[in-house]
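Student: Sequence and predicted model, in that order:
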Amino acid sequence: MLDRTTQLKSYQTYIDGRWTDAASGKTFQTFDPYTGQPWALLPECDKVDVDIAVEAAFRGFENGPWPKTTASARGKIMRRIAQLIEQHAEHLGQVEVRDNGKLISEMVAQTKYMPEWFYYYGGLADKIQGAVVAVDRPDHFNYILREPVGVCAFITPWNSPLMLTTWKLAPALAAGCTVVIKPSEYTSASLLEFMKLVIAESGLPPGVVNVVTGYGAVAGEPLVAHPKVAKVAFTGGSATGARVNELAAKTFKKVSLELGGKSPNIVFDDCIIDDAVSGAVSGIFAATGQTCIAGSRLLLQETIHDQFVEKLVGMAKTAKLGDPALTETQVGPVTTPPQYQKILSYIDIARGEGAKCVLGGGAAQKEEGGGQYFIKPTIFTGVSNRMRIAQEEVFGPVLSVIKFKDEDEAIEIANDIAYGLGAGVWTQSLKRAHTMARRIKAGTVWINTYRAVSFMMPFGGYKASGLGRENGVEAIEGYLQSKSVWINNGPGGGNPFVMKTAS
Ligand code: NDP
């Protein structure tokens, strides 16, 4: 059971293997979204701390034990990390419930699943292989080395802080990089607990994983801009992602961006209706709609529209709102006050645009299981894809229902959007499933399921939903670069003023 009695727990941050306050001595509060009360104090890091952390990561990358650690030994440390997470999964899940208001039932499942990333990438660490190239020159021996890119900066959001850190950290460590992590100002506590219970106990040398807590503009920007950072892996909103990309470009960093979405969940009349209703509910109301992959546009074939909406509303209205620390709760609070205001303003926008609210449509009061920052599961029908409520990411429990006639129209609506993160398709036709999977412009397409992720499956966005992929074998590529080595075993000579080519 979550202990809410502690008064303002104080955290230090973790840089170069040591616990430390911010150099300025400043701190900021983090809030429990369920009670609305502050529960912990965190170091408010700024450029000074970022410089110290990046220098530590740079030293850790260039000198000391980490660059001398063999790939197999890196894999062993990662398996140790996985075991430590297994030991502390419950506690780490509870800290996230306190800090971001996510349901305990989801969080414990998430933290129990996280070790798989470290087992998987730990296993890949010693399978990073270069190549010998039979180059088109006599007497040459050429090979390609695969080397870690260097110091990586991770900037993470508040909605799944540890999971989204894991997606970056596991491939980065497997590749041999060192990292500095800037978590969201709203949800930094679980990362600091992870540093204490897992990283500090794992056998990783000092400087390999460092944390700077603080605000995006004050700690995030100098980290992204730091000349000794080689790669930035960012998860967050598209506007921030664009800013991060712009800053990183100035010093030619490698960048991966996992950004927002406005994913279509497309239901055909040949689907198993009850499965699709359940998929539509979990697509938008799980995690209070605060997921980048929320199925926030429900596209319904017109032949089943009314019947489907009736069942959908019937199921959604049974959602039990309440304390996210209780296993029976199904919808928790919104994580941050600005996000709460943003969701309410989109509900007003939808009404103003003429969409019809058939469920919810506002804040949930105490007697409805609500309290601080609760929004009722909300469904709008009569939405056209050109409305703002269909085009803009709400990041909350607000569903837009849009009608379509046939496959072509479903595709047109699905792809008529700036984003391209995920999509769901509900059909029993194999042919239609494959056709839709090919025609939808999104990084992930789920057929007769929704919101499934795995360490084995690449994850990322088309279009404004991002750059690069996390998870799966290809994620490790983002933390590696190639070096071409040429060895001439034959005679020298030739015209020194002319580039050497084969002919
Ligand atoms: P933000 O974009 O506001 O913030 C993300 C991170 O960036 C935070 O750590 C934030 O710090 C930091 N940040 C803010 N400004 C800057 C800056 N100028 N320079 C460097 N860092 C900065 O997103 P949210 O935290 O609000 O998360 C919600 C968003 O994330 C949604 O739009 C959602 O779609 C997206 N998201 C995408 C996912 C994906 O995989 N595609 C997964 C999860 C979320 P601070 O908190 O201090 O502002």
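Tutor: Ah, there it is.

Student: alpha carbons only for contacts and neighbour counts from here, please
Tutor: Noted.

Student: for this protein, which helix is longest?
Tutor: helix 71-100 (DSSP state H).

Student: Next secondary structure after it?
Tutor: Counting by DSSP states H and E, the next helix or strand C-terminal to helix 71-100 is helix 104-113.

Student: For that next one, give me every contacting residue.
Tutor: With CA atoms under 8 Å, 6 or more residues apart in numbering as the test, helix 104-113 has contacts from 85-86, 89-90, 92-94, 96-97, 162-163, 287, 324-327.

Student: same thing but 6 Å
Tutor: 89-90, 93, 324-325, 327 (CA atoms under 6 Å, 6 or more residues apart in numbering).

Student: wait, which of these is closest to the ligand?
Tutor: In terms of CA to the nearest ligand atom, no member of those lies closer to the ligand than Gly93, at 17.0 Å.

Student: Show me what counts as buried in the longest helix of the chain.
Tutor: Of all the residues in helix 71-100, those buried under the rule 16 or more other CA atoms under 10 Å are 71-86, 88-100.

Student: Return the residues in contact with Trp19.
Tutor: Neighbours of Trp19 in contact, by CA under 6 Å, 6+ apart: 12-13.

Student: That one and Glu193, how far apart?
Tutor: For Trp19, the distance to Glu193 equals 12 Å [CA to CA, to the nearest Å].

Student: my guess is Val485 contacts Arg146, does it?
Tutor: No: using CA atoms under 6 Å, Val485 is not in contact with Arg146, being 11.0 Å away.

Student: More neighbours: the two, which one.
Tutor: Arg146 (17 against 12; other CA atoms under 10 Å).

Student: does the more buried one sit in a helix, a strand or a coil?
Tutor: Following DSSP: H, G, I helix; E, B strand; the rest coil, the label given to Arg146 is strand.

Student: per-residue confidence for it?
Tutor: At Arg146, the model reports a pLDDT of 98.

Student: which residues sit in contact with it?
Tutor: 130, 481-482.

Student: which one is it nearest to, not counting chain neighbours?
Tutor: Ser482 (4.8 Å; CA to CA, 6 or more residues apart in numbering).

Student: The one you found: how many residues sit nearby?
Tutor: Counted with other CA under 10 Å, Ser482 comes out at 13.

Student: Next, it: phi, psi?
Tutor: phi -100, psi 140 (degrees, to the nearest 10).

Student: how close does it sit to the ligand?
Tutor: Look at Ser482 and the ligand: by CA to the nearest ligand atom, to the nearest Å, they are 26 Å apart.

Student: please renumber so the chain begins at 18
Tutor: Happy to do that; since the first residue is 18 now, the last one works out to Ser499.

Student: Could you check how far that residue is from Thr22?
Tutor: 52 Å.

Student: could you check the angle helix 121-130 makes with the longest helix of the chain?
Tutor: 170 degrees (axes from the mean of the first three to the mean of the last three CA atoms, to 10 degrees).

Student: Just name whatever secondary elements helix 88-117 is in contact with.
Tutor: Under the contact definition 3 or more CA pairs under 6 Å, 6 or more residues apart in numbering; DSSP states H and E, helix 88-117 sits against helix 121-130, helix 132-141.

Student: Which stretch among these is buried most, on average?
Tutor: Among the helices and strands packed on helix 88-117, helix 132-141 has the highest mean neighbour count (mean count of other CA atoms under 10 Å), at a mean of 24.

Student: could you give me the average pLDDT of that one?
Tutor: Helix 132-141 comes out at a mean pLDDT of 98.

Student: and it, how far from the chain's centre?
Tutor: 17 Å (CA atoms, centre = their mean, to the nearest Å).

Student: Which element is encountered next along the chain beyond that helix?
Tutor: Assignment by DSSP H and E places the next element after helix 132-141 at strand 148-150.

Student: For that following strand, give me every contacting residue.
Tutor: Against strand 148-150 from outside (CA under 6 Å, 6+ apart): 159-161.

Student: Just the closest of the residues you listed to Glu61, please.
Tutor: Ile161 (43.0 Å; CA to CA).
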